[in-house]
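J.: only geometry, no sequence info:
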């Protein structure tokens, strides 16, 4: 089936540093998402993105967070500066249409902030 | 919160048994999706059921949706050890572009 790739699979950084999480979505998909998961528990929505713009973001999407997808390349989540509470697994997803459609998820990036 | 109380569960069963997981919600929902997440992987969609559908089947899986009681269920017949995973329901409301996930049900199927 369609594959979403996330790079890297693990990232360890010191608090206060910047980190960029990369996502290679399914090639013909138009909508992109980031979710945050702590300890294998609930998937928390962070943000979605379409046509070069953020459509919706949650309260978890702090001012230190940003997303972009320059020229159809990777869809990225940047955190600058990082905080201890940012430690989690971040999942990228994509879908062809927005709304109530199937999301295809990557395998996640485990971020550890020390 | 959009969710009812019974959306967090842990189930442990033997291979071959049937199992049903439930999801209840409080907000208007147009679509319920059921996802499965295996250890170390991202969620993968199993079934999508829309508000005008009562039931949907896919192989050993059966999902139901009752909009009057605001609840959905996912049943697996003849479970296999490979069904061991966390199962999430995810809601989408009309005009909304972000499926919202429940807390999930952890299912362990013993061979």
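T.: It's in. All values derive from a computational prediction rather than experimental measurement. Numbers count the residues shown, from 1 in each chain, chains lettered A, B, ... in the order given.

J.: now the strands for the chain?
T.: With no chain named, the answer covers chain A. Taking DSSP state E as the criterion, chain A contains strands spanning A:5-7, A:10-13, A:19-24, A:31-37, A:43-50, A:53-57, A:65-68, A:75-79, A:88-95, A:104-105, A:109-113.

J.: ah, no, chain B please
T.: Using DSSP E, strands in chain B cover B:9-14, B:19-24, B:31-37, B:44-50, B:55-58, B:61-66, B:71-76, B:85-92, B:100-101, B:105-110.

J.: where does chain B dip in pLDDT?
T.: B:1-8 (pLDDT under 70).

J.: so which bits of it are right by chain A?
T.: B:30-31, B:33, B:37, B:39-45, B:48, B:50, B:86, B:88, B:90, B:92, B:95-104 (C-beta under 8 Å from any C-beta of the partner chain). Where C-beta positions appear, they are placed from N, C-alpha and C, glycine not excepted.

J.: of these, just the buried ones, PyMOL syntax please.
T.: Applying 16 or more other C-beta atoms under 10 Å in any protein chain shown to the residues of chain B next to chain A, the buried members can be selected in PyMOL as follows:
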select buried, chain B and resi 30+31+33+37+42+43+45+48+86+88+90+92+96+97+98+99+100+101+102+103+104
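
J.: any idea which residue is closest to the centre of chain A?
T.: Residue closest to the average C-alpha location in chain A (C-alpha atoms, centre = their mean): residue A:34, at 3.3 Å.

J.: per-residue confidence at it?
T.: Residue A:34 carries a pLDDT score of 98 in this model.

J.: same question, the one 4 residues further on
T.: Here the pLDDT value assigned to residue A:38 is 92.

J.: please apply the same query to the one 10 residues further on.
T.: The predicted local distance difference test score for residue A:48 is 94.

J.: do the same with the one 4 residues further on
T.: We note a pLDDT of 92 for residue A:52 in this prediction.

J.: measure the residue nearest to the centre of chain A to chain B for me?
T.: As judged by C-beta to the nearest C-beta, to the nearest Å, residue A:34 and chain B stand 10 Å apart.

J.: I'd assumed residue A:92 was in contact with that residue.
T.: Yes - using C-beta atoms under 8 Å, residue A:34 is in contact with residue A:92, at 5.9 Å.

J.: overlap in contacts of the two?
T.: A:21, A:23, A:77 (C-beta atoms under 8 Å, 6 or more residues apart in numbering or on different chains).

J.: tell me how many other residues crowd the second one.
T.: Just to be clear, that refers to residue A:23. Neighbourhood size, residue A:23 [other C-beta atoms under 10 Å in any protein chain shown]: 25.

J.: and what of the last one?
T.: Using other C-beta under 10 Å, residue A:77 has 26 other residues around it.

J.: that one: what's it in contact with?
T.: Residue A:77 touches A:20-21, A:23, A:34, A:46-47, A:65-67, A:90, A:92, counting by C-beta under 8 Å, 6+ apart.

J.: most neighbours among those residues, which one?
T.: Most neighbours among these, by other C-beta under 10 Å: residue A:92, with 30 neighbours.

J.: and stretch B:51-63, end to end?
T.: Terminal residues of stretch B:51-63 lie 12 Å apart, using C-alpha to C-alpha, to the nearest Å.
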